[in-house]
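Enquirer: Compute the structure for the input listed below.
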Amino acid sequence: MFRVPFLVAIALAIAFGGGIWSTLWALEATTGFGAIRLGAWEAFPEAQTAKADPYAKSHRAAAGALLYGSAEGLTFTAVTDETGAPLRTGCSYKIAGHTPPARLWTLYTLQSGKTNRPQDSKLPVALNSRSILRHADGSFEIQVSTDAKPRNWLAVPERGRFRMRLTLLDTPAAGSSGLIDLSMPVIENIGCGHA
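Expert: Modelled structure (predicted):
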């Protein structure tokens, strides 16, 4: 008597549950389409525009992030070093080189997961182009680790994986069709553990 309604209820639960799960998985798996990779850095130039795909729009809505115009800013994220290994808090990294031209840029560390804000810490978890020390040629080196380092240093969470976000503000690179030719700073693993 209740066999058919029971089977229909199970089928609907599987369909709705599977549909919701696959949608959430797809949203976590990608920020959108049209990614540009420059070394370890990845950006989605159209994510902030009216041409953004549904995944990018969903990420914007969930994060509540500030939207930049197509020529106002561009955000790059790195989850790996130059060799493709994931960024881990047990390792120290050196970010070296130049950024594309920008009036201002910011760099901060994020814990892996769903948060899009810098971690809460009394340690320096963010730097910007006006606060770092540079070499004579304008290049810079930033140490990223849990242990304090001299000169330019970014702290990372105590454990787990992390990612870095570099935002270029008021940059011609954001509206440039030649974005692939731009150079980004290199992320190099300089050692793991306390060795």
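
Enquirer: All the helices of the chain, residue numbers only.
Expert: In the chain, the helices defined using DSSP state H lie at 3-29, 54-63.

Enquirer: Mean pLDDT lowest where, among those?
Expert: Lowest mean pLDDT within these: helix 54-63, at a mean of 62.

Enquirer: quick one: low-confidence ranges for the protein?
Expert: Scanning the chain for pLDDT under 70 picks out 1, 25-35, 45-71, 112-121, 172-181, 194-195.

Enquirer: What's the local residue count around L24?
Expert: 10 (other C-beta atoms under 10 Å). (Each C-beta comes from the backbone N, C-alpha and C, glycine too.)

Enquirer: I'd like to know how far it sits from A43.
Expert: To A43, L24 is 24 Å away according to C-beta to C-beta, to the nearest Å.

Enquirer: now S92
Expert: Noted for S92: a distance of 25 Å to A43, by C-beta to C-beta.

Enquirer: if I pick E188, what's in contact with it?
Expert: E188 makes contact with 81-82, 93-96, according to C-beta atoms under 8 Å, 6 or more residues apart in numbering.

Enquirer: Closest one to T75 out of those, please.
Expert: Set against T75, the nearest of the contacts of E188 by C-beta to C-beta is I95 (15.9 Å).

Enquirer: and that closest one, bridged to which residues?
Expert: Under DSSP bridges, the beta-bridge partners of I95 are I142, I187.

Enquirer: do you know how far it is from W105?
Expert: Taking C-beta to C-beta, one finds I95 at 12 Å from W105.

Enquirer: Repeat that for K149.
Expert: To W105, K149 is 20 Å away according to C-beta to C-beta.

Enquirer: and what of P185?
Expert: Distance of P185 to W105, given as C-beta to C-beta: 10 Å.

Enquirer: where do the contact lists of these two overlap?
Expert: By C-beta under 8 Å, 6+ apart, the residues touching both P185 and W105 are 99, 166.

Enquirer: can you pull the contacts of E42?
Expert: Counting by C-beta under 8 Å, 6+ apart, E42 has contacts 35-36, 76-79.

Enquirer: hey, where'd the strands end up in the protein?
Expert: Using DSSP state E, the strands found in the chain span residues 36-38, 41-43, 73-78, 91-97, 104-111, 126-128, 140-145, 153-155, 162-169, 186-192.

Enquirer: Stretch 92-100: which residues count as buried?
Expert: 92-95, 99-100 (16 or more other C-beta atoms under 10 Å).

Enquirer: Pipe those residues into JSON lines and attach distance to A11 per row.
Expert: Formatted as JSON lines, the buried residues of stretch 92-100 follow (distance: C-beta to C-beta, whole Å):
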{"residue": "S92", "distance to A11": "53"}
{"residue": "Y93", "distance to A11": "50"}
{"residue": "K94", "distance to A11": "55"}
{"residue": "I95", "distance to A11": "52"}
{"residue": "T99", "distance to A11": "53"}
{"residue": "P100", "distance to A11": "53"}
